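Visitor: My questions are about this predicted structure, shown below with the sequence.
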Amino acid sequence: MITYSRVLGNIRSLPNGEDSRIQCLWFNSKVKRKSMNPDLAGGMADGAVSFLLQKLEAFASTEWNLQENIRNGVRELQRELRRIEAMMRDADVKKDYDNQFNVWIQEVRTEAYAIEDVLDLFRLHWDQESVWRHLKMWHSISNLIQDINTRLAIIKQTKERYQIIKEINERYLMMVPTNSVSSETNTYHNVRAAPLILGWGNNTMGIDEPKRKLVSWASKSNQKLKVMFLVGMAGLGKTTLAYRVYEEVKEHFDCHAWIIASKYQTIDETLRSLLEELGSSTEGSSIVLLMQRLHNFLQHKRYVIVVDNLWVKDVWESIRLALPDGNDNRIIITTRRGDIANSCRDDDSIDIHKVQPLSLQWAEQLFYKKAFLGDGSCPSGLEEVSKSILQKCDGLPLGIIEIGRVLRSKPRQTKYEWKKLHDSLESELRSGGALSDIMRVFSASYKDLPYHLKYCFLYMSIFPENNPVKRRRLIRLWIAEGFVTEERGKTLEEVGEEYLNELIGRSLIKANEMDFDGRPITVGVHSLMHRIILSVSQEENFCTVCAGPEGNLADKPGLNLCSNFFSFSTGRINIVLQLEKLRHLLVYCYNMESAPFDIVQGFKAPKGIDALKNLQKLSFVKASGQHRMIQGLDNLTQLRKLGIVELAEEHGASLCLSIEKMPNLHSLNVTSLNKEELLELDAMTNPPPLLQRLYLRGPLERFPRWVSSLHDLERIRLKWSSLTENPIAALQNLPNLTELQLLDAYTGTQLDFNSGKFQKLKILDLEQLKQLRFIIMEDGTLPCLQKLIIRQCNELEHVPVGIDGLHHLNELHLCDMPEKLVAQLKKNGGQFRHLVHHIPYIHSYNQGQLEDLS
């Protein structure tokens, strides 16, 4: 049995009026094991144990007042688990797994989760007030640890006995001639060769345009060695695209080669493989001699080389160092590892092409061609289920081709047969299923992950399919689960973000919409990948997702459920003071019936909130009548994010003094008491040096001088500031400013953007500037601007002067603007249409109605 534990570590009020509740949930469920997928046997071999060792070490170091017998038991657990971990890693290196090994792995994992249960049990009951309960709990936990230690010792002895028998058998089998290549390596090469052997390479559906661009890149003369990385998730068609380009251009080069960069080959084996493909001698016993031979052979030749499916950066580096430059040489590398491609991009000779999924039109054509005989048209009655299957494939050629192949082999082309496959995709993807080839292709990416990223990736299975997950929420949940490891000099949130970036770089998690700073707002996984990780999560006993009418956990046989749940109304917020290690406290609701100024409503902080010294995020706190609380905020020196609402003018100076004591603050959001109450923030002389986001809502008598010194500031939003002085002059030299919003923030008639200023600004949002009549953009200003929004500036009747010089401007949005201005930009006869013809997207909105001027 194993435990799946979830901790919702971010406490948030839900906008349900008087009955709003703040909830924390600790949830533990015991789930029965299933047989392990052999394609993934080595993937999680040491994951559970390594992860648990990390938790045990943290537990032993923080719980210093443990009873001696418990401490000794924990130490013995650590020693036993380290021995088992070493045995697992040896087996993983040798790819030495069989059915007996898989059973052993499951037994070890079961005990690992049992240990995690004990740790959770200790923490759950430690704060109980009764000394007698403490003694009972200690005794119980000590017995549990002793039992687990006994079972672990038996498991290890079983493995050792089995290993002795296996070695005897292997000595006997050595006398029998066998193929020296392992089955896993054979499988790997079969999968890599599949696009070519099965004729996928002859399929050009949807790849003509990228193929044309890559052929042009390969053929263009510039006397340099040029490298192109084709990057994308498994099954996206990288090999097919590379093959089509390679076949078209190879005859124009003196020599050419195609090699598969197998994960299971050493660097010297890869170099020998390349030399053989080129037709050169492979003599040489060292990597240096092989590199020298490769260099000499290619010297004075014009060559094109494809390195298919690169996994390890060192392999490419060894090849790169041996390649002579010049002669218009070309290298094409396909890889799932976008992180490797980006790390290799050290000069302009290396480019990256991100391979995209097929459009719906091309996906449909490919699917019908593979699924139906004859002219490849869909019979009536199957259109609806076909669309549903295509939605699952989400433009992935591998999924489209494999599912189409299986459907074509069905003896009866009926809606029932098709729906049956659609509903059983998860089981068909498993080993032995009709779609197991897809699992084999995807499993290579999963098995390549380090253990801590395996857990983070499998965690995506708890979210519904095609449901975008907010980046910040996902990282917080990882932290709450204990998946994120502390690193010196970094917060857990920063480490978690690195984990997410690596999973995106490995093409396992996809970024959906992007934020202004290039970070994803939401993320997700491909539909077929989601099906696979659901299957893996269940097989690994990571979690079980129950859905539909049979989804009641309590009714499932063999499933024991225990939960600890508490909820409290916003009126009892002082209960959080008991959570001394609380990191995030986000309490607010949106009152959609209020005026825009008052839409975000916060909470009244309890006395003593300044004692929560581990807090990193605190919002939104009501400041009215809370002067002592505002002064006490200076104790929260670990804060990264602070949100204050209802700030009175007389309390502004105290807030400034508290903020000065927050050196790690990254985000500051301050709202005045009402639209007439001044925001008094001038008292700050030493603002937080790492501040990246600043949101000020309310009237400003003058623009705070300290803002101009914020070197790291990336986003600033000024709302209802009603400044009489132009804020542009104070902001134009900020070196990292990427987004600027002014909403009813300036009462002047003209905004001037001077030459050479706002060097990194990408988004400019001007709203409700009621007196604004002119926008002047000098030559050389706003060189990186991509998006310009102008909303409800009713006196602005002229196109911004200099807009034709904004060469990177991609989007222009005009919202409820004077008709005279909009008419100037219309496609047919607009007086100043020529000034905006370089902007791809121009949209005008009038009372919510869109007019496309693109």
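Guide: Looks like it came in fine. Numbers count the residues shown, from 1 in each chain.
Visitor: And for residue 638, the neighbour number?
Guide: Using other Cβ atoms under 10 Å, the number of residues around residue 638 comes to 17. To be clear about C-beta, it is placed using only N, CA and C from the backbone, and glycine gets the same treatment.
Visitor: show me the contacts for the nearest residue to it once chain neighbours are set aside.
Guide: Leaving aside its sequence neighbours, residue 638 sits nearest to residue 616 (Cβ to Cβ, 6 or more residues apart in numbering; 5.6 Å). Contacts for residue 616 were tallied using Cβ atoms under 8 Å, 6 or more residues apart in numbering; they are 491, 493, 583, 584, 638, 639, 640, 641, 664.
Visitor: before we move on, which element is the fifth one in?
Guide: With the criterion set as DSSP states H and E, no secondary-structure element contains residue 638; it sits in neither a helix nor a strand.
Visitor: Backbone dihedrals for the residue lying closest to residue 691 once chain neighbours are set aside, please?
Guide: Closest residue to residue 691 apart from its sequence neighbours, by Cβ to Cβ, 6+ apart: residue 710 at 5.3 Å. Backbone torsions of residue 710, given as degrees, to the nearest 10, read phi -80, psi 90.
Visitor: Then the one 5 residues further on?
Guide: Here the main-chain torsion angles of residue 715 (degrees, to the nearest 10) amount to phi -140, psi 140.
Visitor: Run through the bridge partners of it.
Guide: Beta bridges link residue 715 to residue 693, residue 739 when assigned by DSSP bridges.
Visitor: Is there a neighbour count for it? I'd like the number.
Guide: By other Cβ under 10 Å, neighbour count at residue 715 equals 19.
Visitor: Quick check: residue 803 touching residue 836?
Guide: Yes - with contacts counted by Cβ atoms under 8 Å, residue 803 reaches residue 836, the gap being 6.3 Å.
Visitor: can you list residues touching both of these two?
Guide: Common neighbours of residue 803 and residue 836 (Cβ under 8 Å, 6+ apart) are residue 812.
Visitor: Show me the strands in the stretch 651-800 of the chain, by range?
Guide: 667-672, 693-697, 715-719, 739-743, 750-753, 763-767, 774-777, 787-791 (DSSP state E, counting those that start in this stretch).
Visitor: out of the ones you listed, nearest to residue 484?
Guide: Across these, residue 484 has its closest neighbour in strand 667-672 (20.0 Å, Cβ to Cβ).
Visitor: now the angle between strand 693-697 and that closest one, please.
Guide: For strand 667-672 against strand 693-697, the angle by axes from the mean of the first three to the mean of the last three Cα atoms, to 10 degrees is 0 degrees.
Visitor: quick one on the thing from earlier: between the contacts of residue 616, which sits nearest residue 483?
Guide: residue 493 (12.8 Å).
Visitor: Quick check, pLDDT for the residue nearest to residue 638.
Guide: pLDDT recorded at residue 616 is 84.
Visitor: distance of it from residue 785?
Guide: Per Cβ to Cβ, to the nearest Å, residue 616 is found 33 Å from residue 785.
Visitor: Repeat that for residue 464.
Guide: 37 Å.
Visitor: So the two - more neighbours on which side?
Guide: residue 785 (23 against 9).
Visitor: Was I right to think that one contacts residue 761?
Guide: Yes - using Cβ under 8 Å, residue 785 makes contact with residue 761 at a distance of 5.8 Å.
Visitor: Give me the average confidence score over stretch 676-686.
Guide: So the average pLDDT for stretch 676-686 ends up being 91.
Visitor: now that stretch, how far from the chain's geometric center?
Guide: 38 Å (Cα atoms, centre = their mean, to the nearest Å).
Visitor: And the contacts of that stretch?
Guide: With Cβ under 8 Å, 6+ apart, stretch 676-686 has contacts from 647-650, 652-653, 655-657, 659-660, 670, 672, 696-702, 704-706, 721.
Visitor: One more pass at 10 Å, please.
Guide: The contact list for stretch 676-686, computed with Cβ atoms under 10 Å, 6 or more residues apart in numbering, reads 624, 646-661, 663, 668, 670-673, 687, 696-707, 709, 720-722.
Visitor: SS state for the residue most central in space within the chain?
Guide: Central residue of the chain (Cα atoms, centre = their mean): residue 500, 4.0 Å from the mean position. Assigned by DSSP: H, G, I helix; E, B strand; the rest coil, the conformation of residue 500 is helix.
Visitor: shouldn't it be in contact with residue 519?
Guide: Yes - using Cβ atoms under 10 Å, residue 500 is in contact with residue 519, at 9.1 Å.
Visitor: Give me the common contacts of the two.
Guide: Listed as contacting both residue 500 and residue 519 by Cβ under 10 Å, 6+ apart are 471, 511.
Visitor: quick one on the thing from earlier: could I get the strands of the stretch 651-800 of the chain as CSV with mean pLDDT and distance to residue 355?
Guide: Below are the strands of the stretch 651-800 of the chain laid out as CSV (pLDDT from 0 to 100; distance: least, Cβ to Cβ, whole Å):
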stretch, mean pLDDT, distance to residue 355
strand 667-672, 93, 36
strand 693-697, 95, 34
strand 715-719, 95, 32
strand 739-743, 95, 30
strand 750-753, 94, 38
strand 763-767, 95, 28
strand 774-777, 94, 37
strand 787-791, 94, 26
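Visitor: just those strands: most buried one?
Guide: Among these, ranked by average contacts under mean count of other Cβ atoms under 10 Å, first place goes to strand 667-672 (a mean of 22).
Visitor: Can you list the strands that it pairs with?
Guide: When DSSP bridges is applied, strand 667-672 pairs with strand 641-647 (parallel), strand 693-697 (parallel).
Visitor: ok, now which ones touch the nearest residue to residue 354 once chain neighbours are set aside?
Guide: Of all residues not flanking residue 354 in the chain, residue 231 sits nearest, at 5.3 Å (Cβ to Cβ, 6+ apart). Contact analysis of residue 231 by Cβ under 10 Å, 6+ apart lists 238, 310, 333-342, 352-355, 505, 507.
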